[in-house]
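> here you go, sequence then predicted model.
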Amino acid sequence: MQVVARKNTGIWAWLLQRISAVLLLGLLTIHIAVLHFIRPDGDITFASVHVRLATVLYMVVDYSLLGVALYHGLNGARNVLLDFTLGLRWEKAISLVLLLIGLVAFVFGAGALTPFITGTAMP
């Protein structure tokens, strides 16, 4: 078995993992602070979430939290899986599968947030 090192392999994944970690900490801090300390409205109900998500800032925080958490988790899984694979073909396949999983999960998560934003209860 021959190991072939490629130039600049993984630098962007490494850097973006650190950036997403910092963003995740900031977004989680905002999310938890608003839910539990700044506006502790008591029980979390559909109506209280709808009121909170009617504000653009909270909407941006929740969608960003969804996207950044998905990216951070799936990029971490990708990095672990690439440590155990051989060849560029496997790297591309793993990256593509995780990208598709991330897109489907983001659409699903965004779809779950939509009723809270619009104020229409889910069927």
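Received it, and whenever you're ready, just let me know what you need.
> average model confidence for the longest helix seen in the chain?
Identified as the longest helix of the chain according to DSSP state H is helix 88-118. Averaged over helix 88-118, pLDDT sits at 91.
> and it, what does it pack against?
Secondary-structure packing of helix 88-118 (3 or more CB pairs under 8 Å, 6 or more residues apart in numbering; DSSP states H and E): helix 46-53, helix 56-82. For the C-beta atoms, the positions are set from N, CA and C on the backbone; glycine is no exception.
> ranking the ones you listed by mean pLDDT, which is last?
Confidence, taken as mean pLDDT, is least for helix 46-53 of the helices and strands packed on helix 88-118 (a mean of 80).
> can you list the buried residues in that helix?
For helix 46-53, the neighbour count (16 or more other CB atoms under 10 Å) marks 49, 50, 52, 53 as buried.
> for stretch 59-66, same thing?
Residues of stretch 59-66 classed as buried: 61, 62, 63, 64, 65, 66 (neighbour count, 16+ other CB under 10 Å).
> check stretch 83-103 too.
91, 94, 95, 98, 102.
> can you check stretch 104-120 too?
Applying 16+ other CB under 10 Å to stretch 104-120 flags 105, 109, 115, 116, 117 as buried.
> how about those residues in JSON lines, adding distance to residue 29?
As requested, the buried residues of stretch 104-120 are exported to JSON lines (distance: CB to CB, whole Å):
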{"residue": "105", "distance to residue 29": "23"}
{"residue": "109", "distance to residue 29": "20"}
{"residue": "115", "distance to residue 29": "26"}
{"residue": "116", "distance to residue 29": "21"}
{"residue": "117", "distance to residue 29": "22"}
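> what is the nearest of those to residue 10?
Ranked by distance to residue 10 (CB to CB), the buried residues of stretch 104-120 are led by residue 105 at 23.1 Å.
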